[in-house]
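**Q** Dropping a prediction and its sequence here:
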4 protein chains.
Amino acid sequence: MQKDEVENMTHKIAILGASGYTGAELVRLIATHPSMEIVALSADRKAGMEVAAVFPHLRHLDLPTLCKIDEIDFDAVDLCFCALPHATSQKVIKALPTNVKVVDLSADFRLRDPEDYAKWYGGEHDAVELQKEAVYGLTEFYRDEIKAARLVAGTGCNAATGQFALRPLIEAGVIDLDQIILDLKCAVSGAGRSLKENLLHAELSEGYHGYAVGGTHRHLGEFDQEFSAIAGRPVKVQFTPHLVPANRGILATVYVQGNAEEIHATLAGAYGEEPFIEVLPFCETPSTRHVRGSNFCHIGVTGDRIEGRAIVIAALDNLTKGSSGQALQNANLMLGEDETAGLMLAPCFP
Amino acid sequence: MQKDEVENMTHKIAILGASGYTGAELVRLIATHPSMEIVALSADRKAGMEVAAVFPHLRHLDLPTLCKIDEIDFDAVDLCFCALPHATSQKVIKALPTNVKVVDLSADFRLRDPEDYAKWYGGEHDAVELQKEAVYGLTEFYRDEIKAARLVAGTGCNAATGQFALRPLIEAGVIDLDQIILDLKCAVSGAGRSLKENLLHAELSEGYHGYAVGGTHRHLGEFDQEFSAIAGRPVKVQFTPHLVPANRGILATVYVQGNAEEIHATLAGAYGEEPFIEVLPFCETPSTRHVRGSNFCHIGVTGDRIEGRAIVIAALDNLTKGSSGQALQNANLMLGEDETAGLMLAPCFP
Amino acid sequence: MQKDEVENMTHKIAILGASGYTGAELVRLIATHPSMEIVALSADRKAGMEVAAVFPHLRHLDLPTLCKIDEIDFDAVDLCFCALPHATSQKVIKALPTNVKVVDLSADFRLRDPEDYAKWYGGEHDAVELQKEAVYGLTEFYRDEIKAARLVAGTGCNAATGQFALRPLIEAGVIDLDQIILDLKCAVSGAGRSLKENLLHAELSEGYHGYAVGGTHRHLGEFDQEFSAIAGRPVKVQFTPHLVPANRGILATVYVQGNAEEIHATLAGAYGEEPFIEVLPFCETPSTRHVRGSNFCHIGVTGDRIEGRAIVIAALDNLTKGSSGQALQNANLMLGEDETAGLMLAPCFP
Amino acid sequence: MQKDEVENMTHKIAILGASGYTGAELVRLIATHPSMEIVALSADRKAGMEVAAVFPHLRHLDLPTLCKIDEIDFDAVDLCFCALPHATSQKVIKALPTNVKVVDLSADFRLRDPEDYAKWYGGEHDAVELQKEAVYGLTEFYRDEIKAARLVAGTGCNAATGQFALRPLIEAGVIDLDQIILDLKCAVSGAGRSLKENLLHAELSEGYHGYAVGGTHRHLGEFDQEFSAIAGRPVKVQFTPHLVPANRGILATVYVQGNAEEIHATLAGAYGEEPFIEVLPFCETPSTRHVRGSNFCHIGVTGDRIEGRAIVIAALDNLTKGSSGQALQNANLMLGEDETAGLMLAPCFP
């Protein structure tokens, strides 16, 4: 096949769980992708409905009607995004034909060790063999494995943000591994389109609070797995998320002990060539508003007045770089496309 | 010149007044435009600064440093977007070399009659001859004139919204011309990046109010000009804007007297082929959240319980379809490009 | 009178349905009331819980544990606020001992005519005899009846706002009764603490839309009943509510035909002595932010550029003047207290 | 005591700088205070205007016209709240007659040491002798001194929040003094009613960021002064504030090293009798929404999964407990009133 023919090839895409926010975000991004075509959209309870009825903002697109998963002809699918709830995802993916590439956005394949899975998600894993096969989908650090993978596990959105701030520092050995505190501020769409009292506008607007305080948030499983692997010894961070009255965004304020300039240089060096990670000039600080709706992650480093302390702040959009944008970035790699295809949308500000 | 060569031609673009919201929105949209290149960005008081310092969300783009207008080499510019304040705009555009095509986003060339201009904007026009030349930039209704124009006057954002709801109805004669009420709900970015107490977050958040009540808003000048021209006799509408605590969006609730189904059919017919105007099924109502960040306009029609009354609701994003998206749509036409180039971004929800 | 006697003058209050927003608002207001004591709080599904667990903002108060309605000793209750859902309310109130005064915050007793009730609420009324007895609780217009009443029916929050703008004008005959349009902008707490997708923060924030468009909102039943009674002939208004991303507030923009100055004078005259209704100087316009958290209603009048048209805008807090504040105002009258007791809290701005 | 005598007991109050948010908040609180009367309100640039024109939410109150400071007859004033900008305040207070009690809400008298003042506020203090006399206004810890004081210095709002979380712990010696990190999330009204681009709704809404990162925020001067005094040796904390899209509220997430249960018991013990400080049950976490508009401070303590670490979270309303409520609490003490007079308003939720 000639290069031109390859270029003309449109990849057939299915999205499972298309009635949630990450599903809709995938559709939004793929809408302007040059070489992907959505051929199937599943939504169990909304099967039979048009996308426009569930997400009127996608009304202008020519999309398939929502269907049930078993109505999809997977022979005609090249790659499947799986945006289903945790635990459901493993069952569904296990049953897919193995010729279909899969990017999973749930938590089901993030942890490699079945015991870790049981610890953080409370139950036995239904697809242990796939758990082993799955590649952890933090693109910037698993690029080669992702290119070759059939199944990629999207990371937690908080987990991605914290790792962008910390991985190069742990790798380079420039911070104290026992004194790492991540104070995260998360926007509400991270909790999904779920009917919970604390997600109502009247509850959330104009107020904010910490949750899962004290080291109980499940994304700690990813931090433990990844940071310990890099360091070659157990690393445990403190991590406290807070819910903030905004729809999109994660801001991770990371308190570390080390030399601030060295920390900045390490991050700037690590991300110098990355298309989506922007390390700000020393002492500048990022804001979630400046990455909203985009696949970019902004990172700032400042030294503290206390010698030997530094603050690293990372900002990204939880629905884009934190989940659906990352998923598309991985899919691009898995399909041999340019990693940035469909993802260069500038942030939407104000 | 061969078609291929034409296609390879990149248009050289300048944006004057690039440090305001409409300027930034233009940059955001052009960032993924296939055949435009930004060669100059002016910002009088911020000349010498990088765009990233003024708009950190555009940090990833390779853009020229902000400069003063007189530093721009207009010989190397094909088209110039002018996002300057009212009154300033006319002076600047008057001084531009006539080989440069211009899309103006200010109010300076919206009104064709110098007396109307004086009435609504309080002062003599500085470029009366250009006022005559300028084409009113409501793309869907002035497409042919815009293709041939050198100077296009962007419409008011409220004026655009109201006209999308009403022009086909006035044209078709299906509503009472003397009983038209537009109740608009506008988001705050429409007021620009200006330091006014009533635009502070602490003032605006969680509250809303009417302003320019009683027929004093300047966009009435456009309604009067356009609606009277269509009807062939004076048409005066009532128009009350309200400021709502959101950043982007205009919702025009238009109360008319006529047959609701006929009204719906008229609008559906008028916009059937339009790429950016979506007429919803009868009795569905649009929302600003479903057009946010996009160039789409959604229109819904419902009949009232009172016989012979109907409500037409139109929603668009004031920064996109209401100004910068419209400007780019017009520029595409003026440069012989596909009208939708760079504008098919799906709305950003949630 | 001795101190002990004064203490004995404290009225014993029960609140049924205390886990909703109007219930919580009653507790907030009564917390600083000089002569009321809350002796019982019911919440069916949350019986047995402390109020602090359901509404942590009331944590500092010494309140009874939430209970089931049948656990309340109504012999020890002077007055009962009933903040239960529609339809449930009539059943509960019917079963209460007749010595207990009742202020109902549901819709069950707002419409005097069983047929009207059936039309708007879809079903037979379960307590038709009480429906006849109930006094419509718009304090400023039913003051004497309320003083003598055993059962007062709280008005709809939108219905109250519209009536404050219109009743004196209909009474005085200064507007055209067939050309009245109410465009309302409502905050989200009016929809209660209910788990609906469209009330999620991620759905609502930064967007707004009309609903119940075309004359289908139930509060029209109240408008029809009240305005027709005043006018002595059927009056039908157009009424379109919109949901705005804020927690508290209703802004009613009312389009009428009549002389604006006469309209202003009529309203100023009607409300001159009212403690909670403030008519602004001619041509000033109110804002929801300036009544938030208070029992005040601000009303502004402006003439339109079109001769013979006027815009009346009324703003109030739906949870306070629109429901729980109104309820307390009525309870004060029913108990022989100063009408303003516990209600003079200044609005909470910003 | 006769009624007349009671009336004579009303304290005459002046508020300087009444056109800012803390000034307005004082008026809001005093509006329902049983024994205070506002006799003068100054606002330099708005002298001659009615309060209703500057703060329409106070329209219902009978208040003096705004005036210039030198128009006030201080012989008729018992106590003066000074809500003027930093640096201005010291000049004005220095010139006041010494019979007038003063509660200052600026930063001018918070730091006892002129060198500290110069370090954090950059300049020589204009009233060094008053600086010595001023009592630090953190009511719960300086109650006796405040009762006897003529001049009380209101604390910084962030400084108050952090001290409520930490003072008893430092006093009791239950945490490591060299490992204290305060990550604060502040609402926007803390920045005042000032015309700054970053305070515009369009800039702030839906986004959040850290500022004064790295130990440069001026409230650190207060932390250093107070914590070092308690500990009897220098204590330096890390403190990073973040600006969150909400109008009222401070949430301080404080990371400490110590035994979590001991920490909880220490705080519960220290605040057991305090009317405004609520220590939540162990492992519960506070939210700003539950203290909004009130003088309450909620504090929660949770242990971390890492042995020997704890998280203390404190929430208060920056305009109330963080400044104007605190100021009124202090004024009550200085005037011999009940400390809680006018301050028992329940929080305004939702």
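**A** Received the coordinates, thanks. Numbers count the residues shown, from 1 in each chain, chains lettered A, B, ... in the order given.
**Q** helix/strand/coil for residue A:229?
**A** Using DSSP: H, G, I helix; E, B strand; the rest coil, the structure places residue A:229 in helix.
**Q** quick one: it from residue A:106, how far?
**A** Distance of residue A:229 to residue A:106, computed by C-beta to C-beta, to the nearest Å: 21 Å. Glycine gets a C-beta too; all of them are placed from N, C-alpha and C.
**Q** what does residue A:31 give?
**A** 23 Å.
**Q** again, but for residue A:155
**A** Between residue A:155 and residue A:106 the computed distance is 11 Å (C-beta to C-beta).
**Q** more neighbours, these two?
**A** Neighbours per residue (other C-beta atoms under 10 Å in any protein chain shown) separate residue A:155 from residue A:106, with residue A:155 holding more: 28 against 22.
**Q** Pretty sure the more buried one sits in a strand.
**A** No. Residue A:155 is assigned coil when assessed by three-state DSSP, not a strand.
**Q** Please name the nearest non-neighbouring residue to it.
**A** residue A:138 (5.2 Å; C-beta to C-beta, 6 or more residues apart in numbering or on different chains).
**Q** if I pick residue A:127, what's in contact with it?
**A** Residue A:127 is in contact with A:90-91, A:93-94, A:108, counting by C-beta atoms under 8 Å, 6 or more residues apart in numbering or on different chains.
**Q** sorry, back to before: read off the pLDDT value for the residue nearest to residue A:155.
**A** Note on residue A:138: pLDDT of 98.
**Q** Check residue A:321 too.
**A** The model's pLDDT for residue A:321 equals 98.
**Q** any idea how far the nearest residue to residue A:213 once chain neighbours are set aside is from residue D:161?
**A** Leaving aside its chain neighbours, residue A:213 sits nearest to residue D:302 (4.4 Å; criterion: C-beta to C-beta, 6+ apart). Shown here: residue D:302 relative to residue D:161, a distance of 17 Å by C-beta to C-beta.
**Q** Pick out whichever of these two has more residues nearby.
**A** Shown here are residue D:302 and residue D:161; by other C-beta under 10 Å, residue D:161 has more neighbours (29 against 24).
**Q** Check the separation of the first and last residues in stretch A:289-309.
**A** 27 Å (C-alpha to C-alpha, to the nearest Å).
**Q** Give me the mean pLDDT for it.
**A** Mean predicted lDDT for stretch A:289-309 stands at 98.
**Q** Around chain B, which positions in the stretch 251-350 of chain A sit nearby?
**A** For the stretch 251-350 of chain A, the residues in contact with chain B (C-beta under 8 Å from any C-beta of the partner chain) are A:276, A:278, A:280, A:286-287, A:289-294, A:296, A:298, A:319, A:344-350.
**Q** Go through those residues and flag which are in strands.
**A** Among these, the ones falling in strands (DSSP state E) are A:278, A:298.
**Q** Tell me which of the residues of the stretch 251-350 of chain A next to chain B fall in helices.
**A** Per DSSP state H, helices hold no members of those.
**Q** Flag every residue of the stretch 101-250 of chain A that's near chain B.
**A** Residues of the stretch 101-250 of chain A lying near chain B by C-beta under 8 Å from any C-beta: A:189, A:205-206, A:247-248.
**Q** Could you tell me which residues make contact with residue A:246?
**A** Residues counted as contacts of residue A:246 (C-beta under 8 Å, 6+ apart) are A:187-188, A:288, C:205, D:205-208, D:245.
**Q** Buried subset of these, written for ChimeraX?
**A** Buried subset of the contacts of residue A:246, written as a ChimeraX selection, criterion 16 or more other C-beta atoms under 10 Å in any protein chain shown:
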select /A:187,188,288 /C:205 /D:205,206,207,208,245
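**Q** Pick the one among the contacts of residue A:246 closest to chain B.
**A** Closest approach to chain B among these (C-beta to the nearest C-beta): residue D:205, at 5.5 Å.
**Q** Does that closest one touch residue D:245 like I think?
**A** Yes. Residue D:205 is in contact with residue D:245 according to C-beta atoms under 8 Å; the separation is 5.1 Å.
**Q** just to revisit the earlier point, may I see the residues of the stretch 101-250 of chain A next to chain B organised as JSON lines, with secondary structure, pLDDT and distance to residue A:340 added?
**A** Converted to JSON lines, these look like this (DSSP: H, G, I helix; E, B strand; the rest coil; pLDDT from 0 to 100; distance: C-beta to C-beta, whole Å):
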{"residue": "A:189", "secondary structure": "helix", "pLDDT": "96", "distance to residue A:340": "23"}
{"residue": "A:205", "secondary structure": "coil", "pLDDT": "95", "distance to residue A:340": "35"}
{"residue": "A:206", "secondary structure": "coil", "pLDDT": "93", "distance to residue A:340": "38"}
{"residue": "A:247", "secondary structure": "coil", "pLDDT": "97", "distance to residue A:340": "25"}
{"residue": "A:248", "secondary structure": "coil", "pLDDT": "98", "distance to residue A:340": "20"}
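**Q** Could you single out the nearest of these to residue B:272?
**A** The closest of these to residue B:272 turns out to be residue A:247 (C-beta to C-beta; 33.1 Å).
**Q** Pull up the gap between the nearest residue to residue A:118 once chain neighbours are set aside and chain D, please.
**A** Distances taken as C-beta to C-beta, 6+ apart place residue A:124 nearest to residue A:118, at 6.3 Å, with adjacent residues excluded. Remark: distance between residue A:124 and chain D (C-beta to the nearest C-beta, to the nearest Å) = 23 Å.
**Q** In terms of helices and strands, where is residue A:124?
**A** Per DSSP states H and E: residue A:124 is located in neither a helix nor a strand.
**Q** and it, how many neighbours?
**A** If you count neighbours by other C-beta under 10 Å, residue A:124 ends up with 9.
**Q** after the helix or strand hosting residue A:224, next one along is what?
**A** Assigning secondary structure by DSSP H and E places residue A:224 in helix A:219-231. Per DSSP H and E, the first helix or strand lying C-terminal to helix A:219-231 is strand A:238-243.
**Q** So which bits of the stretch 201-350 of chain A are right by chain C?
**A** Selection of the stretch 201-350 of chain A residues close to chain C by C-beta under 8 Å from any C-beta yields A:201-206, A:245-247.
**Q** Which single one of those residues is nearest to residue C:165?
**A** Using C-beta to C-beta, those come closest to residue C:165 at residue A:202, 25.1 Å.
**Q** which stretches of chain A aren't confidently modelled?
**A** Along chain A, the model assigns pLDDT under 70 to residues A:1-8.
**Q** Show me where it has its strands.
**A** A:11-16, A:36-42, A:66-67, A:79-82, A:101-104, A:135-136, A:151-153, A:181-186, A:209-210, A:238-243, A:250-257, A:277-279, A:297-303, A:309-316.
**Q** Excluding residues flanking it in the chain, which one is nearest residue A:160?
**A** Leaving aside its chain neighbours, residue A:160 sits nearest to residue A:322 (5.4 Å; criterion: C-beta to C-beta, 6+ apart).
**Q** looking at it, that neighbour is touching residue A:250, isn't it?
**A** Yes. Counting by C-beta under 8 Å, residue A:250 is a contact partner of residue A:322 at 6.0 Å.
**Q** For the residue of the stretch 251-350 of chain A found nearest chain D, give its distance to chain C.
**A** Residue of the stretch 251-350 of chain A nearest chain D, by C-beta to the nearest C-beta: residue A:289 (2.5 Å). Distance of residue A:289 to chain C, computed by C-beta to the nearest C-beta: 12 Å.
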